[in-house]
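J.: dropping the sequence and predicted coords here.
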Amino acid sequence: MGRIVTAGSKSYKDVISIMKRQAERLRYPLKIYDLGGLGEGISGEFEANERQEQESRKKTGFMPCRFKPAIIRRELKIGSPGELIFLLDADAIPRHRIDEVDTGDYDVGVTIRKKGENEGKPDFHISGYVNAGVLFLYNNKAAQSFVDLWIAKTNDPGIEGDQHAINEILIEHGISWDTKRMMVGDTRIRCFPTSIYNFYYSQGGDTARIIHRKNKETNWVVRHFKDNIGHWRPKFSSPMQAIHAVRDIVKDKKVCVLGVGTGSALIGFGKYAQEVTAVEINPVFLEHTRMLTDFEIIQGDFRTDPIPDADVYYIWIDAKDMEPIIPKLQNTILIGRRTTTNPERYKKWMDEADEVRAAEGIDFEIIVIRR
Ligand SMILES: C[S@@+](CC[C@H](N)C(=O)[O-])C[C@H]1O[C@@H](n2cnc3c(N)ncnc32)[C@H](O)[C@@H]1O
């Protein structure tokens, strides 16, 4: 079964909300520690000094996260004997249930990087073999003694935090790139691949089960899967100013976004409309945007599959791909368009348009057709 324990300060609010949504979807109990300003979870016991952490990160490239071993020690103390705890960074998000790691034949599961990944880099002594963003621990004496060792090592002078410490311990006990299982004293360690259980690489993540944001960036979930999107570009989402410019048209209406992309139109309309839904063909966009919002998104092809009833439809795809779909829509249609694309291609819809809404300072406009 297993349960998730995570922690974050106020700058982690966005990923904590994704974590909550995924934990609920995957039916994992979730415990959150508030490290300062998060506004939910257990607060006051462990604090992250954000400024100090960031300064340390600038120096070494890694967050020291000294609170992490202390939190898991507390959880092992108060938890149920034998239970499995997933200690996840707030931005290490499970995509699927991970029942397959509950094999009961180890005490502590760590995630080992791809062979040779950081070797030769100046920070290899800190980043090491193991990324400490994902750990699996059975609540037993062997895991507890490993955590005690981890805490002691984290406090050693010259150790730059939790990840450095765990790597030092594992190196002292002989970890190598090929290690699958090893012993640290009486603790049985099992190594799971980061490529599946702690995926922080920029592409090729379709088989990943836990995805980990490495740097703060929008669309990081999509970035992991960009191999499968092909045509995706970072600016592939409607600017919020454009959505804002048509807010009166959607006010108290039911809106359906045809093609959800990275979700910005859906989230934007969600602020003004009475109800919003979306249809999306690409499973990567679908998964990404389902992580970000609770709005209903239907997987399908809006050219051939049934489309939800709505008062207003919003669409922004290639002009020629719109040809078969626009005539089928009975109610008001909003068509997104980058003003840098050739207006000739939109002539048909411009001729039919009741108005065109633009917001100042952006190269994006919305063609309004009322039916
Ligand atoms: C340019 S993006 C726009 C995303 C979003 N509406 C926005 O404005 O931010 C177009 C989206 O439409 C989706 N799409 C294209 N053709 C589709 C089809 N026939 N059925 C469903 N979705 C489609 C694409 O996968 C992509 O996510």
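T.: Cool, the structure landed. Note that this is a predicted model, so its numbers are computed, not measured. Residues are numbered from 1 along each chain as shown.

J.: so out of everything in the protein, what residue is nearest the ligand?
T.: Proximity of the chain to the ligand (Cβ to the nearest ligand atom) peaks at Gly259, 2.1 Å away. No exception for glycine: its C-beta is placed from N, CA and C like everyone else's.

J.: low-confidence stretches in the stretch 151-300 of the chain?
T.: Under the criterion of pLDDT under 70, the regions of the stretch 151-300 of the chain flagged as low confidence span 226-235.

J.: near the ligand, which residues of it?
T.: The stretch 151-300 of the chain has residues 236-238, 257, 259-261, 264-265, 279-282, 285 near the ligand, with proximity defined as Cβ under 6 Å from any ligand atom.

J.: try it again with 5 Å
T.: Taking Cβ under 5 Å from any ligand atom as the criterion, the neighbours of the ligand within the stretch 151-300 of the chain are 237-238, 259, 261, 264-265, 280-282, 285.

J.: surely the residue of the chain closest to the ligand is in contact with Leu286?
T.: No. Counting by Cβ atoms under 8 Å, Leu286 is not a contact partner of Gly259; they are 10.7 Å apart.

J.: before we move on, back to that, in helices, which of the residues of the stretch 151-300 of the chain next to the ligand appear?
T.: Among those, the members falling in helices are 264-265, 285 (criterion: DSSP state H).

J.: using the three-state scheme, assign Arg188.
T.: Assigned with DSSP: H, G, I helix; E, B strand; the rest coil, Arg188 falls in the strand class.

J.: got the contact list for it?
T.: By Cβ atoms under 8 Å, 6 or more residues apart in numbering, the contact set of Arg188 is 105-108, 142, 181.

J.: nearest to Ala90 among those residues?
T.: Nearest to Ala90 among the contacts of Arg188: Val108, at 20.4 Å, using Cβ to Cβ.

J.: residue contacts, the closest one?
T.: Contacts for Val108 (Cβ under 8 Å, 6+ apart) come out as 135-138, 142-143, 146, 184, 187-190.

J.: Val5 too?
T.: For Val5, the residues meeting the contact criterion (Cβ under 8 Å, 6+ apart) are 30-31, 33, 71-72, 75, 85-88.

J.: same thing but at 6 Å, please
T.: When the contact criterion is Cβ atoms under 6 Å, 6 or more residues apart in numbering, the partners of Val5 are 31, 75, 85, 87.

J.: who wins on neighbours among the residues you listed?
T.: Scoring the contacts of Val5 on neighbours with other Cβ atoms under 10 Å, the highest-scoring entry is Leu87 at 24 neighbours.

J.: just checking, what packs against the host helix or strand of that one?
T.: Mapping Leu87 onto the secondary structure by DSSP states H and E places it in strand 84-88. Other helices and strands packing on strand 84-88, by 3 or more Cβ pairs under 6 Å, 6 or more residues apart in numbering; DSSP states H and E, are strand 3-9, strand 130-138.
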